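J.: turn this into a structure:
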Amino acid sequence: MTVVLVLAVLVLLGTSLWLLHESRHAHDPVVSFVKGKPGLMEIAYLRDGRERVADTVIVRMLELRRIELGPEGRVTVLDPVPDNAVERALFRSCGTDWGSTLPGLHFDLRTDAQVLALEDPLVRRGLLIPPGRMKPWRWAAGIQVASMVVTALLSLLLLGLGRAGVFASVLPWIALVLVVAGIVLRVKCHPEWIGHELTAEGRAFVGKLRDDGWDSTDPATHPAGLAGVVALHGVDAIEDEELRKQLRKAAGSVGSSFRSSAAGSAAAASSSSSSSSSSSGGSSCGTACSSCSSHSSHSCSSSSCSSCGGGGCS
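T.: Numbers count the residues shown, from 1 in each chain. Take a look at the predicted model:
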């Protein structure tokens, strides 16, 4: 048992040194290859990733009156004129009937390639830690925690057995001291397990934004209006209670629950359109098919449009 504890202590020391190395390497300066300042969507991504970008672009389009949001969470496009790739992704998600549900739109934006592509320029600007550095850092942190748990359990077990001899009686206490030191190191060198982490330059950039007026939560005085407030502070900073509530609901309802309800709605719509077509002929068929031309986030099935010769959701 003593030999096993010695091996556990050695592993703990090795993993702790590995964690320290990976933490320092992750925070090594990144050479910036991109000139200019990040835009609004990049700032949103820098603050809280894809979900913050989805909230920001939706609020910006509402602010510019390019979309409108109904009380039941129905999004309708008013002026499909995008200023950047993320806004283009929003209009594309609305489909050819220029409409969507807010949860569906939010989900599509979070998973859109244009939103995911915002990370790379931020890494190349030196504002985000490269993903290639985050992975070994997370591995080191996880293995170091496992080695601390094993060492602590072996130490307590050896103390409980009460082995004779100076070395056998002192070693568990030394091991426990090292475990405590490992915990301190883990707290100081912990990585973000989900999402991204800012570099020192990234944190300095956010601090400068706050000094330049971006810390304001008043859309009237914020340099980027309500969308800028959301980009930096999130939807909780929105004063409009109804809009805030709908955005929270949209972020919380995406996934399987949204897909299930959307699929149920599509099935009901298909059944309704079938019964209507038997009484009104081809005119209702055209209506049913137009409702299926929206984006895939509406989860309509190809079968609901087959009677019109149409395909699935575009």
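J.: every contact and neighbour count from this point should use C-alpha atoms.
T.: Fine.
J.: burial count for the residue nearest to residue 131 when sequence neighbours are not counted?
T.: Excluding its sequence neighbours, the residue lying closest to residue 131 (Cα to Cα, 6 or more residues apart in numbering) is residue 196, at 7.6 Å. When neighbours are defined as other Cα atoms under 10 Å, residue 196 has 19 of them.
J.: so which bits of stretch 124-136 are buried?
T.: Neighbour counts over stretch 124-136 (16 or more other Cα atoms under 10 Å) mark 124-131, 134, 136 as buried.
J.: and which of the residues you listed is nearest to residue 156?
T.: Minimum distance to residue 156 across the buried residues of stretch 124-136 is 30.3 Å, recorded for residue 136 (Cα to Cα).
J.: which non-adjacent residue is nearest that closest one?
T.: residue 22 (6.8 Å).
J.: before we move on, what about residue 25?
T.: In space, and not counting its chain neighbours, residue 25 is closest to residue 133: 7.4 Å by Cα to Cα, 6+ apart.
J.: quick check: the one you found is in a strand.
T.: No - Residue 133: not assigned to a strand; according to DSSP: H, G, I helix; E, B strand; the rest coil it is helix.
J.: before we move on, the earlier item: show the contacting residues for the residue nearest to residue 131.
T.: Residue 196 sits next to 49, 128-129, 131 when contact means Cα atoms under 8 Å, 6 or more residues apart in numbering.
J.: helix, strand, or coil at it?
T.: Secondary structure assignment for residue 196 (three-state DSSP): coil.
J.: ok, residue 36 next?
T.: coil.
J.: and it, how far from residue 124?
T.: For residue 36, the distance to residue 124 equals 12 Å [Cα to Cα, to the nearest Å].
J.: shouldn't residue 182 be in contact with residue 148?
T.: Yes - between residue 182 and residue 148 there is a contact at 7.0 Å, judged by Cα atoms under 8 Å.
J.: neighbour count for the two, which is higher?
T.: residue 148 (26 against 22).
J.: so what's the more buried one scoring on pLDDT?
T.: You'll see residue 148 listed with a pLDDT of 94.
J.: all numbers from here: first residue = 32
T.: Got it, first residue is 32 now, which makes that one residue 179.
J.: and the next helix or strand past whatever helix or strand it lives in?
T.: Taking DSSP states H and E as the definition, residue 179 sits inside helix 162-192. Of the helices and strands lying after helix 162-192 in sequence (DSSP H and E), the nearest is helix 197-219.
J.: mean confidence for that following helix?
T.: Computed over helix 197-219, the average pLDDT equals 86.
J.: what does that helix rub up against?
T.: Contacts for helix 197-219 (Cα under 8 Å, 6+ apart): 33, 36, 40, 43, 47, 50-51, 172, 175-176, 179, 182-183, 185-187, 189-190, 193-194.
J.: switch the cut-off to 7 Å
T.: Contact with helix 197-219 is made by 33, 40, 47, 172, 179, 182-183, 186, 189-190, 194, as judged by Cα atoms under 7 Å, 6 or more residues apart in numbering.
J.: give me the buried entries from the residues you listed.
T.: 33, 40, 47, 172, 179, 182-183, 186, 189-190.
J.: of all those residues, which two lie farthest apart?
T.: 172 and 190 (27.1 Å).
J.: give the buried residues for the helix or strand hosting residue 54.
T.: Using DSSP H and E, residue 54 sits within helix 33-57. For helix 33-57, the neighbour count (16+ other Cα under 10 Å) marks 33, 36-37, 39-40, 42-44, 46-51, 53-54, 57 as buried.
J.: quick one: residue 72 from residue 165, how far?
T.: 23 Å.
J.: contacts for stretch 248-263, please.
T.: 71, 74-75, 78, 83, 87, 90-91, 244-245, 247, 268.
J.: sorry, back to before: what's the separation between the residue nearest to residue 162 and residue 128?
T.: 36 Å.
J.: repeat for residue 178
T.: The spacing between residue 178 and residue 128, counted by Cα to Cα, is 57 Å.
J.: quick one, which of the two is more surrounded?
T.: Higher neighbour count among residue 178 and residue 128: residue 178, with 22 against 14, using other Cα under 10 Å.
J.: residue ranges with poor pLDDT in the protein?
T.: Applying pLDDT under 70 to the chain picks out residues 61-66, 193-199, 225-226, 284-345.
J.: care to break it down by domain?
T.: 33-60+161-219, 66-157+229-285, 315-345 (automatic domain parsing).
J.: shouldn't residue 275 be in contact with residue 266?
T.: Yes - counting by Cα atoms under 7 Å, residue 266 is a contact partner of residue 275 at 5.9 Å.
J.: so for the two, which residue has more residues nearby?
T.: Each of residue 275 and residue 266 has its neighbours counted (other Cα under 10 Å); residue 266 has more, 23 against 16.
J.: against residue 158, how distant is the more buried one?
T.: Taking Cα to Cα, one finds residue 266 at 23 Å from residue 158.
J.: now swap in residue 74 and tell me
T.: Relative to residue 158, and taking Cα to Cα, residue 74 is found at 10 Å.
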